[in-house]
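1. Next come a sequence and a model predicted from it.
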Amino acid sequence: MSKNSRQFFPDIGPIPFEGPGTKNPLAFQHYNPSELVEGKTMKDHLRFAVVYWHTMRGTGADMFGWGTARRPWNAGEGSVKEAIQRARAMFEFTSKLGAPFYCWHDRDVAPHGKTLAESNSNFDAVAAELKQLQADTGIRLLWGTAQNFVHPRYMHGASTSCNADVFCFAAAQVKKAMEWTHELKGEGYVFWGGREGYSTLLNTNLKREMDNLGRFLHMAVDYKKKIGFKGPFYIEPKPKEPTKHQYDSDAAACLNFLREYGLLEHFKLNIETNHATLAGHTMQHELEVAGAAGALGSIDANMGDVMLGWDTDQFPTDLYLTSQVMLSVLKFGGFTTGGTNFDAKVRRESFDLEDLFLAHIAGMDAFARGLKIAARIRADGRLEGFVKNRYRSWDSGIGARIEAGKASFADCEKHALKLGEVEGLESGRQEYLEALYNEFI
Ligand code: XLS
Ligand code: NI
Ligand code: NI
């Protein structure tokens, strides 16, 4: 922080690690950045990121009520000057929290202008400040993205709009956001299709929209090569909200889309918990689908509420969730360019500045515990051993020949005729395994 800059959190200092049992709510009980787990520091395993949109721009407003959050950096002018102050608040917060990364949409950072040119120059002014703040604090950009869903021009979609002029505005915005992501040494770049879907098929040419989305992403790949941006592109699946159906509905749909349009080698997935559950999946299911395809890139860490059918983006505090996430992440080799991005917002009723810290501490501690739990489950080996043993018929004999591609239907028939009946079926032991998992929570 430059010496003469205003403090937004004067009563809160850097959040220390005090260990389990501390009564200090502004301290970590489990997130100890330098602690080694499986030979790597927690900091490097988890790669926590703070989001600009919820943390800085969230007001606590909902469809029925005005904002409740007390945020001294949201004076409401919408000026570049205010945006620069907000950037300083963001970096003060992230530094004090001790998160190594942050993420933005272009329009969270800087105000919409009256024209594209004005929006671009607003963004340039604030992004220059971000560059300075990154240099001052050592905080890095996990990923950038373009906000192609707030402005009314995107009502019918951005790259999937029925209107080609809108496609051009969306392309211009992504182009600019990629340039700044590259300049700020972002580790990756995200595409979330906020309005890339439809409200009714009565007015929609689905094939044309999907083809245009494919074209748009190819243009992005071309531009990435042109500017020399080396980080991965991520698609963030979500099935609905704001549209009734989004084309990037879940991990499997995204992978199929990328394969169909010849884009798979350029993309990985950014998996978000509340989007997984909206799609009728668990987070771990989505991670496993992405991981199996070699496309597990990054995660948006949050959770929903089982009683609510929308994207509530709550801070993740469920240890079953965080330990399952970390089991899958560790299984697929850990994060490289990705990280644990808190795409989460404090509740409307949690309006104090301090709640921003308390919420992130809760999420970071839950993930640190999840990491430790996952590592203990892996060291114990019983769960992995059970799964390995369950599939042992594939390790030799006919199973091994099938997996090696050396057996035909005729060979299978011959084998089955010789056996007469299958004798070797064993219990799946689900209840035993659930109890085993509980031993580690
Ligand atoms: C919204 C998404 C969004 C993306 C970034 O539901 O989660 O915040 O992460 O555009
Ligand atoms: Ni998200
Ligand atoms: Ni979301």
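-> Thanks, I have it. Numbering: from 1, shown residues only. Ligands and ions are numbered 1, 2, ... in the order given.

2. residues near the residue of the stretch 51-200 of the chain found nearest ligand 2, how many?
-> Residue of the stretch 51-200 of the chain nearest ligand 2, by C-beta to the ion: Trp192 (6.0 Å). (Each C-beta comes from the backbone N, C-alpha and C, glycine too.) Trp192 has 23 neighbours, counted by other C-beta atoms under 10 Å.

3. got a pLDDT number for it?
-> As predicted, Trp192 sits at a pLDDT of 98.

4. residues contacting the closest residue to it other than its chain neighbours?
-> Spatial nearest neighbour of Trp192, excluding adjacent residues (C-beta to C-beta, 6 or more residues apart in numbering): Glu236 at 4.0 Å. Glu236 sits next to 190-192, 248, 269-272, 275, 300 when contact means C-beta atoms under 8 Å, 6 or more residues apart in numbering.

5. Can you tell me which of those residues end up in helices?
-> If you go by DSSP state H, these have His275 in helices.

6. what about Lys418, how many residues close to it?
-> The burial count for Lys418: 8, using other C-beta under 10 Å.

7. Same check on Ala400?
-> Neighbours of Ala400 (other C-beta under 10 Å): 13.

8. What of the one 4 residues further on?
-> By the measure other C-beta under 10 Å, the count of residues near Ala404 is 8.

9. What of Gln430?
-> 8.

10. and what of Pro10?
-> 8.

11. Distance check, the residue most central in space within the chain against Asn274.
-> In the chain, the residue lying closest to the centroid (C-alpha atoms, centre = their mean) is Asp300, at 2.3 Å. Using C-beta to C-beta, to the nearest Å, one gets 8 Å for the distance from Asp300 to Asn274.

12. repeat for Ser328
-> 17 Å.

13. Repeat that for Met63.
-> Computed as C-beta to C-beta, the Met63 to Asn274 distance reads 18 Å.

14. what about those two, which has more around it?
-> Asn274 (25 against 4).

15. wait, doesn't that one sit right on Gly304?
-> Yes - Asn274 is in contact with Gly304 according to C-beta atoms under 8 Å; the separation is 4.2 Å.

16. so what sits against both of these two?
-> Joint contacts of Asn274 and Gly304 (C-beta under 8 Å, 6+ apart) are 311-314.

17. could I get these as TSV with pLDDT and secondary structure?
-> Output for the shared contacts of Asn274 and Gly304, formatted as TSV (pLDDT from 0 to 100; DSSP: H, G, I helix; E, B strand; the rest coil):
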residue	pLDDT	secondary structure
Asp311	95	coil
Thr312	97	coil
Asp313	98	coil
Gln314	98	strand
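
18. Now rank these by neighbours and give me the top one.
-> Among those, the one with the most neighbours (other C-beta under 10 Å) is Asp313, at 23 neighbours.

19. what's near enough to touch that one?
-> 54, 274, 302, 304, 343-345.

20. residue ranges with poor pLDDT in this protein?
-> The chain contains residues with pLDDT under 70 at 1-5.

21. Can you name the residue of it nearest ligand 1?
-> In the chain, the residue that lies nearest ligand 1 is Trp192 (3.5 Å; C-beta to the nearest ligand atom).

22. I figured that residue hits Thr145, correct?
-> Yes - Trp192 is within contact range of Thr145, at 6.5 Å (criterion: C-beta under 8 Å).

23. So Asp211: helix, strand or coil?
-> helix (DSSP: H, G, I helix; E, B strand; the rest coil).

24. and the nearest residue to Leu141 once chain neighbours are set aside, what does it touch?
-> Excluding its sequence neighbours, the residue lying closest to Leu141 (C-beta to C-beta, 6+ apart) is Gly186, at 4.1 Å. Gly186 is in contact with 141-144, 231, counting by C-beta under 8 Å, 6+ apart.

25. how about a cut-off of 10 Å?
-> 101, 103-104, 140-145, 177-178, 180, 229, 231, 337 (C-beta atoms under 10 Å, 6 or more residues apart in numbering).

26. Now the nearest residue to Thr55 once chain neighbours are set aside: which helix or strand?
-> Among residues not flanking Thr55 along the chain, Leu356 sits closest, at 6.2 Å (C-beta to C-beta, 6+ apart). According to DSSP states H and E, Leu356 maps onto helix 353-380.

27. Look at Leu433 and say how many residues are nearby.
-> 14.

28. Then the one 4 residues further on?
-> Close neighbours of Tyr437, defined as other C-beta under 10 Å, add up to 16.

29. Asp106 now?
-> Asp106: 26 neighbours (other C-beta under 10 Å).

30. That one contacts Gly113, doesn't it?
-> No - counting by C-beta atoms under 10 Å, Gly113 is not a contact partner of Asp106; they are 11.4 Å apart.

31. what is in contact with the two at once?
-> Counting by C-beta under 10 Å, 6+ apart, the residues touching both Asp106 and Gly113 are 119-120, 122-123.

32. Kindly indicate the member of the residues you listed with the most neighbours.
-> Highest count within those by other C-beta under 10 Å belongs to Phe123, 25 neighbours.

33. Next up, the contacts around that one.
-> 80, 83, 106-107, 109-113, 130, 173, 176-177, 179-180 are the contacts of Phe123 under C-beta under 10 Å, 6+ apart.

34. Give me the neighbour count for Gly428.
-> Quick note: Gly428 (other C-beta under 10 Å) scores 10 neighbours.

35. just Lys414 next, same as before
-> With other C-beta under 10 Å as criterion, Lys414 counts 13.

36. Quick one: name whatever helix or strand follows the stretch of helix or strand it belongs to.
-> Following DSSP H and E, one finds Lys414 within helix 409-419. Per DSSP H and E, the first helix or strand lying C-terminal to helix 409-419 is helix 430-438.
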